[in-house]
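> Curious how this folds, go ahead:
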Amino acid sequence: MTLDSDATAVASLALGALALPLADVLLARKRSLLGAQLTRERRGSYLAFATGLTIAIALLFTLASDGTGLPLDPNQPLATFDGLSRFLGAVTLGTALLTVLSTNRYLAGAGTRHGEYYALLLASLLGLVLLPACTHMVSLYLALELASVPGYALAGIRRDSPRGSEAALKAFLAGSVSSAVLLYGAALLYGATGELALLEIGLALDPGEPLALLGGGLVLIGLAGKLAIVPFHQWSPDTFEGAPVGVVAFLATAWKIAVLGALVRVLTLALAPAEEAFQAVLWALAALSMTLGNLAALVQRNTKRMFAYAGLAHLGYVVLGLRVGGAEGTAAVLFFLLAYAPAALGTFAAISALARDGRESDRLEDLAGLFRRQPLLALALAVCVFSLIGVPGTAGFVAKFQLFSVSLSQGVAAGDTGLVLLTALALANVALSAVFYLRVPVALFMREDSGTGPGGTPGSLDRAVLAGCAWAVLILGIAPQDAGVIVPGGDLLRLAQGAAGALY
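Residues are numbered from 1 along each chain as shown. A predicted model of the protein is given here:
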């Protein structure tokens with residue numbers, strides 16, 4: 001049954017988050033295990049294996065779900081497991097699993113306690129998996145906070161790093177304000193409709209009532225702040241720069257995907273009657289995010305900050321799909337998120353793989369001449385960057401083509417000049433993004449080694465994660481309709497359409 005599979009997936013993450021600190025304490029008291037001396041690095045490897053196994057179990061149960069839309073509790077439908085939650089839950093869990101695999105060696109070099117890191121990651125992941133399934137304002141807020149609070153601690157997990165403390169503080173302050181705004185918006189919606197369930201809010205909402213519009217607008221602002229959509233983005237580049245690269249990979253992929261799932265729920269269920277009233281807001285958010293994100297990325301030399309600003313631009317493309325709305329627009333957004341995940345994860349996995357003793361290769365100069373030192377790693381990183389640009393033959397091209405073609409056709413068919421102009425702006429921004437993205441392959445293949453980087457040597461798991469990301473990017477770009485090698489069942493475009501259809 002769907003309920004059994006999804007409930008088991010959630011329970012496995014919860015048990016893992018509770019059991020991992022205990023396992024860390026027990027392993028720390030032992031001198032040897034299985035006949036081998038239990039060093040700090042080996043203990044970290046055991047904890048990483050336990051975390052990866054927990055996530056893998058949750059992922060398998062999520063994939064086993066048939067997504068028929070059963071509520072977690074029929075008597076109080078706070079969360080409903082349907083095609084949308086299954087699709088985004090699987091993508092979130094998959095990216096988190098690859099993040100765990102790619103950060104074990106980095107944590108050992110940085111001297112970070114593995115038990116704390118993995119327990120916080122599992123706790124945050126539990127909230128993220130629940131987020132796309134939430135159909136009630138109370139459960140949505142609680143899941144968002146469950147995901148957020150461990151995320152703040154993860155950003156500052158390196159206590160010896162002043163930049164890490166700054167990253168955690170800025171994420172905490174911005175996240176707290178966003179949560180308060182969202183909660184106040186939910187209270188106003190309750191005052192206007194007398195309901196807290198998203199579907200019931202949508203049925204009772206009067207788009208002509210100022211209180212309802214104000215409440216809906218504040219909920220959107222709260223979620224936009226959590227996502228760092230422009231103009232609520234100020235915390236994101238600083239947090240990305242100061243946080244450990246594994247945390248950055250988690251925030252840039254699993255975090256954004258799950259919170260966007262909650263935003264899709266709110267727009268399609270609670271705020272559907274006021275769609276016309278919020279179209280101008282979505283238009284402005286999309287235009288600002290894609291344009292300011294790409295312009296700011298042009299002047300960055302730190303790769304983590306550059307990819308942070310580039311991520312803002314990609315959020316702008318996603319909001320464009322939300323502006324389109326309907327089953328087609330939502331399906332294009334879901335496939336876009338699926339295609340974005342391995343490309344973004346691969347770029348940060350490369351930075352993590354080159355780290356040494358906690359020092360990261362987070363400057364463009366550190367990547368100079370990498371092809372001569374690590375040819376396979378350089379090729380995998382280049383493939384991921386090309387996908388972020390949208391080069392034909394990669395997942396990014398297929399995702400952008402789907403999204404822009406849907407938005408353009410809908411705009412022309414409906415005579416929506418604003419949507420057509422926004423699509424044209426998105427295409428111009430894709431061309432603009434190539435200017436800074438191409439600096440990465442230029443450094444990889446055409447520059448001499450500066451000798452200033454950390455000079456870390458990738459481990460076997462690092463290479464496997466990078467190869468897997470590049471492989472997924474190419475498979476999704478070449479044959480998205482026949483990708484059974486990634487997900488049993490194959491046609492990922494159709495899976496995205498089916499997940500979107502659960503809302504309409």
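
> Run through the bridge partners of Ala197.
Beta-bridge partners of Ala197, counted by DSSP bridges, are His136.

> I'd say it and Pro77 touch.
Yes - counting by Cβ atoms under 8 Å, Pro77 is a contact partner of Ala197 at 6.8 Å. No exception for glycine: its C-beta is placed from N, CA and C like everyone else's.

> Quickly list what's touching both of the two.
Counting by Cβ atoms under 8 Å, 6 or more residues apart in numbering, the common neighbours of Ala197 and Pro77 are Thr135, His136.

> between the two, who's got more neighbours?
The residue with more neighbours, out of Ala197 and Pro77, is Ala197; 20 against 17, by other Cβ atoms under 10 Å.

> Now do that one against Leu203, distance only.
Distance of Ala197 to Leu203, computed by Cβ to Cβ, to the nearest Å: 9 Å.

> and what of Ala350?
Separation of Ala350 from Leu203 (Cβ to Cβ) stands at 48 Å.

> When the two are compared, which one has more neighbours?
Higher neighbour count among Ala350 and Leu203: Ala350, with 30 against 14, using other Cβ under 10 Å.

> Do I have it right that that one meets Ala382?
No - applying Cβ under 8 Å as the test, Ala350 and Ala382 come out as separate, 9.6 Å apart.

> center of this structure, which residue is that?
What sits nearest the mean C-alpha location of the chain, by Cα atoms, centre = their mean, is Thr253, with 2.4 Å.

> how many neighbours does the residue lying closest to that residue once chain neighbours are set aside have?
Nearest residue to Thr253 in three dimensions, chain neighbours excluded: Thr95, at 4.1 Å (Cβ to Cβ, 6 or more residues apart in numbering). Using other Cβ under 10 Å, the number of residues around Thr95 comes to 29.

> do you know how far Thr95 is from Leu101?
In terms of Cβ to Cβ, Thr95 sits 11 Å off from Leu101.

> Give me the buried positions along the helix ranked longest in the chain.
In the chain, taking DSSP state H as the definition, the longest helix is helix 162-193. Residues 164, 166-172, 174-175, 178-179, 181-186, 188-189, 192-193 are the ones in helix 162-193 that count as buried (16 or more other Cβ atoms under 10 Å).

> What is that helix packed up against?
On a contact count with 3 or more Cβ pairs under 8 Å, 6 or more residues apart in numbering; DSSP states H and E, helix 162-193 meets helix 137-155, helix 198-204, helix 210-227, helix 235-242.

> by how many degrees do that helix and helix 210-227 diverge?
Inter-element angle recorded for helix 162-193 and helix 210-227: 160 degrees (by axes from the mean of the first three to the mean of the last three Cα atoms, to 10 degrees).

> Now do helix 162-193: distance to the chain's middle.
The gap between where helix 162-193 is centred and where its chain is centred comes out at 18 Å by Cα atoms, centre = their mean, to the nearest Å.

> For that helix, the averaged confidence score.
In this model, helix 162-193 has an average pLDDT of 92.

> same thing with stretch 417-433?
pLDDT averaged over stretch 417-433 gives 95.

> number of nearby residues for the closest residue to Leu199 other than its chain neighbours?
Closest residue to Leu199 apart from its sequence neighbours, by Cβ to Cβ, 6+ apart: Leu269 at 5.1 Å. Neighbour count for Leu269, taken as other Cβ under 10 Å: 17.

> roughly how far apart are Leu269 and Cys134?
Counting by Cβ to Cβ, the separation of Leu269 from Cys134 is 10 Å.

> Common neighbours of the two, please.
Leu198.

> show me what contacts Ile55?
Ile55 makes contact with Leu13, Gly16, Leu93, Ala96, Leu97, Val100, Leu122, Leu125 under the criterion Cβ under 8 Å, 6+ apart.

> Burial-wise, tell me which of the helices and strands packed on helix 162-193 comes out on top.
For the helices and strands packed on helix 162-193, the largest average neighbour count (mean count of other Cβ atoms under 10 Å) is found in helix 235-242, namely a mean of 24.

> after that one, next one along is what?
Using DSSP states H and E, the helix or strand that follows helix 235-242 towards the C-terminus is helix 245-250.

> Where does the prediction get shaky in the stretch 251-400 of the chain?
In the predicted model of the stretch 251-400 of the chain, residues 357-358 satisfy pLDDT under 70.

> so which of the contacts of Ile55 is the most crowded?
Of all those, the highest neighbour tally under other Cβ under 10 Å goes to Leu125, namely 32 neighbours.

> Does the nearest residue to that residue once chain neighbours are set aside lie in a helix or a strand, and which?
Spatial nearest neighbour of Leu125, excluding adjacent residues (Cβ to Cβ, 6+ apart): Ala96 at 5.2 Å. Ala96 belongs to helix 83-110 when assigned by DSSP H and E.

> do the same with Asp449
When elements are assigned from DSSP H and E, Asp449 belongs to no helix and no strand.

> For it, give me the pLDDT.
Reading off the model, Asp449 has pLDDT 73.

> so what's it up against?
Applying Cβ under 8 Å, 6+ apart, we find Asp449 in contact with Ala368, Gly369, Leu370, Arg372, Arg373.

> Closest one of the residues you listed to Ala249?
Leu370 (18.5 Å; Cβ to Cβ).

> hang on, that closest one packs against Leu377?
Yes - with contact defined as Cβ under 8 Å, Leu370 reaches Leu377; the gap is 6.8 Å.

> Between the two, which contacts overlap?
With Cβ under 8 Å, 6+ apart as the test, Leu370 and Leu377 both reach Leu354.

> Compute the distance between Ala470 and Leu364, please.
20 Å.

> That should have said Arg373, apologies.
Here Arg373 is placed at a distance of 16 Å from Leu364 (Cβ to Cβ).

> Which one's more surrounded, those two?
Leu364 (20 against 14).

> Thr80 belongs to a strand?
Yes - judged by DSSP: H, G, I helix; E, B strand; the rest coil, Thr80 forms part of a strand.

> Assess the claim that it and Leu130 are in contact.
No - using Cβ under 8 Å, Thr80 makes no contact with Leu130, being 11.0 Å away.

> Buried residues, the host helix or strand of Ala277. List them.
If you go by DSSP H and E, Ala277 is part of helix 275-298. For helix 275-298, burial by neighbour count (16+ other Cβ under 10 Å) applies to 278, 281-283, 285-294, 296-297.

> shouldn't Gln497 be in contact with Gly329?
No - applying Cβ under 8 Å, one finds Gln497 not in contact with Gly329, separated by 11.2 Å.

> Same drill for these two, tell me which one is more crowded.
Gly329 (22 against 18).
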